[in-house]
Structure formats: C-alpha cells, structure tokens
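> My questions are about this predicted structure, shown below with the sequence.
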Amino acid sequence: MKGRIHLVAGVLTFMMAGLWVAAQSAQIKDFRPINDERLRNPDPGDWVNWRRTLNGWGYSPLDQINRQNVGQLQLAWSWAMQPGSNQPTPLVYNGIMYLPNPSSTVQALDAATGDLIWEYRREFPTAQGQSQPGGDGVGRPQRSIAIWDDKIYVNTADAHIVALDARTGKIVWDTTVADSSKGYGYTSGPLIVNGRVVSGMTGCSRYKDDICFISAHDARTGKQLWRTSTVARPGDPGGDTWGNLPLVFRAGGDAWIPGSYDPAMNLIYWATAQAKPWARAVRGTDGDALYTNSTLALDPDTGKIVWYYQHLPGESHDMDEVFESILVDTGPRQSLFKMGKIGVLWELDRKTGKFLNAFDLGYQTLMKIDRATGKVTYRPDVMPKIDVEVNWCPSTAGFKSWRAMAYHPQTQAFYIPLNLTCEKGTFRAVERVEGRGGTGPVRRINEFHPEASSQLGEFAAMGKTGTVLWSRRVRTPYNTAALTTAGGLAFVGDWDRHFYAHDAQTGEVLWQTRTPVSAQGFPITYAVRGRQYLAVPAGQGGGSWTSLIPIELTPEIKRPSGGNAMLVFALPEARR
C-alpha cells in the first residue's frame, strides 16, 4: 500500500513540475500597460480593482446579463484552485483573469476559456504560508491583488510585497515589509494610488516592541515611501487613550481589508480593526485605544492622517469596523458609508470625517448610539469581566464581516450579506508577556438570533437613508461579498453551496445554482469580446461563520471537507 501511495505521489509531483515549467514559459501577448486613469475609470468589461472601482461600490455597468435572461446562465468554464482558506477576488484586464489563490499563489488565465497562461507560487522558507496568526485553514487567505502599469502586485502571507511581470509572472521586485516571525503577514492586496502601492498589515495581535501600520511603496522599485502606525504610541497624539500601557502591550489595529480612494480630494480611506486582546478587562485599559476600530483619511503622498473617526471607542467584544468604505454622493454631500460587525450603517463626511448618520438594523444588543452625535454608550450588563459569562448579539463572528456589501446607483441602496447570531461568551485572562498575547481566549456558545430562530443568513437591501427596502433569509450563513450590476441584479452566495441572482428592486430570486463547496469570496462580472461572464469563487475556510457556527447550529446541512474552485458562468452563445 505504501508503495502505491508513493508512486501516485511521485506521478503527481512530476505532473506538477511539468505544469510549472509550462506555465512559466508562457506569456501574455500584446499586453497594454494600465495607468492611473484606467484604474479610476475602468473599461466596462474589466474588473481592475478589488471592488472594481476605487470608490468601493462592487458594481458593474454591464447589462448583457439582466433580469429577463439571468435564468439562462450556464457554466462556461471552471478552474480548481490551491488548497487553503479561499476568499479570492479575481482581477480581469483585457481578457486575462489574474486569480489570487491561498498561500500567496497567483495564476493568469484566459478569462474566456479558463486556460492557464502562467503561475506564480510563493516559496516559503518555512511553513509561513500555513496556519499563522491572522490566517485560517491550511493556507493563509489572499483576498485580492492589484494591477498597475505592466505589473501584478501581491501582498504575501510572510509580509512581503512582490511585483510580478503581468506578461510572464516573473518577479520584478520583492520587498520585505515586516518580520513574519512576529506574526505579521498580509491577507489582502494593496490599493494602487498615483504609483504608490498602499497596503494594510495584519497579524498584529502578539505582544512585541512594534505596532501595526499602513505603508506605501514605490510601484516601480518597491522602496518604502511612508509608514503610518494604526496604534498611537506613548507620547504621540492619542497615546494617552491606551492609559499607561507600554508600547509592547499595545496590540491590534490590523488593517486587513483594502481601502478606497477619492481622486478629487486626493484622500485614501482605510479602516482599522479592534484592539487586542478583545476585552478591555483582559488587555488592561479602559480608554479609547486609538486608532483602533476607526476610519482613517490618509494623504497618499505622505501617509499623514488628515482625519480619523473612531466608530467604537474602547471596543470590548471583537466588533470589527475594519471593512470596506463605500464613497457615495448624496446630493451635494460627499459621504463615506461603511458597516461593521454590529450591523450599523455609518455615514461620514469624507472631506472632514464629521459624523452624519448611524442607521442601526436593530439586531445588536451591545450599545446605544446617539443619532445626533454618533456617541456610543455600552450597556453596563454586557461589558466583559474575566471568567464571567456574558450574553450579547451579535456573536464575535459579527452580523457583517469581510463579505463586502455592494452599492447600486439605480436603486441607491446597499446590498448587505448578514448573519444573525448571538453568543454566550466567557473571556479568559492572557499572560502579559512579550511574544505572547493574542486576541484572548473566549469560551463561546453560539446561538441563533431571537428574531431569526432557525435561519442564520440575511441578505438586505438598505437605502442611503437607512430604510430597509427588502431582505431575504436562508438557513445557513451568507458567505460571499455582494455584487450588483446595471442589469438590475444583486448576486450573493451562501455556506450551503447556493449562489443567487436577486432582482435588485424587489429581492426576488431570479436564478440560483449550486457550487461544489461553499460559495465563498468576492464574485465579479466582466466581458471578453462582447460576452459577459459571471465569476463565482467557492472554497473552504473563512472564519467562525464557516468553521464553527453553521456546524454547531445547522448540523443537518453538510458540505464537502475540501476543494477550492473558480466557477464562471455566461449566457448561451446564441441568446446573448
């Protein structure tokens, strides 16, 4: 038996080696470099930024696939991906798909056929690509990559930024940004602004004589241009909000979701995660802990914080506000909208950071938010004490997490994947020793939300004024970002392997399909030679929504234990 296993393994190794050589010898012909103007105003058929446009909408102007014909979608091609936690956003430029895989692998595929052109696979000196702080599953996730000029930019699991030749996949430059042995690494790609590669670091939970940051590097050379701390140091502005904690015990402030950019204001908007350990009682401070759980407006030339808004000062339950920032004008008002784990849609003035609105979905039980000022007041009965059980909603998984919402300019609404859970949690103490730390252990009992006693997932359409236009619930968690299109559609997928097309106006399900594993990641749509395609990622990992909550609360529903894939759909050739 051992001999047969070794023989099969040897054949597979030989085949993979052959694939590697073939992939490296191929290249993209007639590649046209992409400039800043094209990133700001993409061709309708391309998807060249994480959420397609730098304003973070997650919206496509393509309408070949629409309300009337979406039910005719068929599988055009599919592609098996590398193992690991799979949450990808493919980029498509001029008919080529650049596909991020777990463990910092990138593949270039013909976007019309799925044929491999080249592959870059990160070679880690140790098991850096495997389960590290900030990662989950077999390999650390890689949610996105970036393109500019003639290069693809990869933020790696071991805290490097690598520029690849977009034609061949060969390394142009490789810059070490932080020491991965201290837990640092990337799980999302950069934002490219005026020739600067802007990236947010994660893996910042460990106690060390260093703190988390956002940095910019020269897109042509990899040279660092600036680095902005996301945790206030002792003696710096905001430093006193951590009390008397020395720098070594100021953890958190990860910036693991890409930012947005307003070229008219020349401001980058990037959000930060919570302080670590999660509970105030565990981390030893009752202050606001700046600049955690904040939206930061940064000058792209210098990295200077022009303004900040802290959504949840001194947060104490793992309620991230780190997620996407969506830039939308409301009449003469230029606003920034975002939603975090508590299910509150925040509206800020994106020029000044002034609080404008907070629209609460009404599911959270942690805090009161003054609608006039935005001031947050925690309910005293939910504040964690060490080794004391507390009951609150949402669970530490949150109502809204990395599954990004999308905006639709015709309906003027946000389409939000939500998961309705509550938790009985007991926070444990952490030994305050350099090199240790972390998020802090929590004994969790996950529960259905009382307003959805048997359903975990909700997909909601919420207007800019906070009105819920419609919502639809399903048994298991929604597990993809939302995607909206000019065809009047809103797409989303769930843990139970469904992927849905909704009428953006009414919420009616117009089409659905089943994926081989959980629909998971960031779906996109694009066009090649006049034909529109819909790309749907599927895979494993994804955090407690996938590894804990549905397994505990919906045990009758099973999904395969392995396999990552990209599925691409289109209308039949004769009907488009």
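Great, that's in hand.

> Run through the residues that contact residue 537.
Contacts here follow Cβ atoms under 8 Å, 6 or more residues apart in numbering; on that basis residue 537 touches 86-88, 90, 480, 519-523, 564-567. Any C-beta I mention is one placed from the backbone N, CA and C, and that applies to glycine too.

> now residue 270
Counted by Cβ under 8 Å, 6+ apart, residue 270 has contacts 198, 200, 214, 255, 258, 259, 295, 296, 298, 325.

> who wins for neighbours among these?
Within the contacts of residue 270, neighbour counts (other Cβ atoms under 10 Å) peak at residue 200, which reaches 30 neighbours.

> so that residue makes contact with residue 268?
No: Residue 200 is not in contact with residue 268 according to Cβ atoms under 8 Å; the separation is 10.3 Å.

> Out of the contacts of residue 537, which sit inside strands?
Per DSSP state E, strands hold the following members of those: 565, 566, 567.

> in this protein, which residue is closest to the centre?
residue 402 (4.3 Å; Cα atoms, centre = their mean).

> picking up where we left off before, from the contacts of residue 270, pick the one nearest residue 484.
residue 325 (16.7 Å; Cβ to Cβ).

> From residue 112, how far out is that closest one?
Applying Cβ to Cβ, to the nearest Å, the value for residue 325 to residue 112 is 33 Å.

> So residue 71 lies in a helix, does it not?
Yes: counting by DSSP: H, G, I helix; E, B strand; the rest coil, residue 71 falls inside a helix.

> Use 343 as the first number for this chain going forward.
Right, with 343 as the first residue, what we last looked at is residue 413.

> who does the helix or strand containing residue 835 touch, helix- and strand-wise?
Assigned by DSSP states H and E, residue 835 falls within strand 831-835. Secondary-structure packing of strand 831-835 (3 or more Cβ pairs under 8 Å, 6 or more residues apart in numbering; DSSP states H and E): strand 755-761, strand 799-805, strand 825-827, strand 840-845, strand 873-880.

> Dump those strands into JSON lines; add distance to residue 385 and mean pLDDT as well.
Formatted as JSON lines, the helices and strands packed on strand 831-835 follow (distance: least, Cβ to Cβ, whole Å; pLDDT from 0 to 100):
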{"stretch": "strand 755-761", "distance to residue 385": "24", "mean pLDDT": "98"}
{"stretch": "strand 799-805", "distance to residue 385": "28", "mean pLDDT": "98"}
{"stretch": "strand 825-827", "distance to residue 385": "15", "mean pLDDT": "99"}
{"stretch": "strand 840-845", "distance to residue 385": "23", "mean pLDDT": "98"}
{"stretch": "strand 873-880", "distance to residue 385": "13", "mean pLDDT": "98"}
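
> Please identify which of the ones you listed is closest to residue 701.
Nearest of the helices and strands packed on strand 831-835 (Cβ to Cβ): strand 799-805, 7.1 Å.

> partners of that closest one in the sheet?
strand 755-761 (antiparallel), strand 810-816 (antiparallel) (DSSP bridges).

> possible to save the ones you listed as TSV with distance to residue 582 and mean neighbour count?
Formatted as TSV, the strands paired with strand 799-805 follow (distance: least, Cβ to Cβ, whole Å; neighbours: other Cβ atoms under 10 Å):
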stretch	distance to residue 582	mean neighbour count
strand 755-761	36	27
strand 810-816	40	16
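
> low-scoring pLDDT stretches of this protein, where are they?
Within the chain, the stretches with pLDDT under 70 are 343-367, 467-481, 885-888, 916-918.

> separation between residue 435 and residue 494?
From residue 435 to residue 494 the distance is 10 Å (Cβ to Cβ).

> next one: residue 410
When residue 410 is compared with residue 494 (using Cβ to Cβ), they lie 37 Å apart.

> Between these two, which is the more surrounded one?
Using other Cβ under 10 Å as the criterion, residue 410 and residue 494 rank with residue 494 on top: 24 against 10.

> in stretch 621-636, what counts as buried?
621-625, 627, 629-636 (16 or more other Cβ atoms under 10 Å).

> The residues you listed in helices, which ones?
Here DSSP state H is the test, and those give 622, 623, 624, 625 as lying in helices.

> I'd like to know how far the first one sits from residue 744.
The reference is to residue 622. Taking Cβ to Cβ, one finds residue 622 at 24 Å from residue 744.

> Could you measure from the closest residue to residue 903 other than its chain neighbours over to residue 428?
Spatial nearest neighbour of residue 903, excluding adjacent residues (Cβ to Cβ, 6 or more residues apart in numbering): residue 882 at 7.8 Å. Using Cβ to Cβ, we find residue 882 at a distance of 6 Å from residue 428.

> which of the two has more neighbours?
Between residue 882 and residue 428, counted using other Cβ under 10 Å, the more crowded position is residue 428 (30 against 26).

> The nearest residue to the more buried one once chain neighbours are set aside - how many residues pack around it?
Nearest non-adjacent residue to residue 428, counting by Cβ to Cβ, 6+ apart: residue 881, 2.7 Å away. Using other Cβ under 10 Å, residue 881 has 31 neighbouring residues.

> Now find how far off-centre stretch 541-555 is within its chain.
Relative to its chain's centre, stretch 541-555 lies at 18 Å (Cα atoms, centre = their mean, to the nearest Å).

> in that stretch, what's buried?
Within stretch 541-555, judged by 16+ other Cβ under 10 Å, the buried ones are 541-550, 552-555.

> That one spans what distance, first to last residue?
End-to-end distance for stretch 541-555, by Cα to Cα, to the nearest Å: 9 Å.

> who's in contact with the closest residue in space to residue 857 that isn't next to it in sequence?
Closest residue to residue 857 apart from its sequence neighbours, by Cβ to Cβ, 6+ apart: residue 880 at 4.0 Å. By Cβ under 8 Å, 6+ apart, the residues touching residue 880 are 428, 835, 839, 857-863, 905-909.
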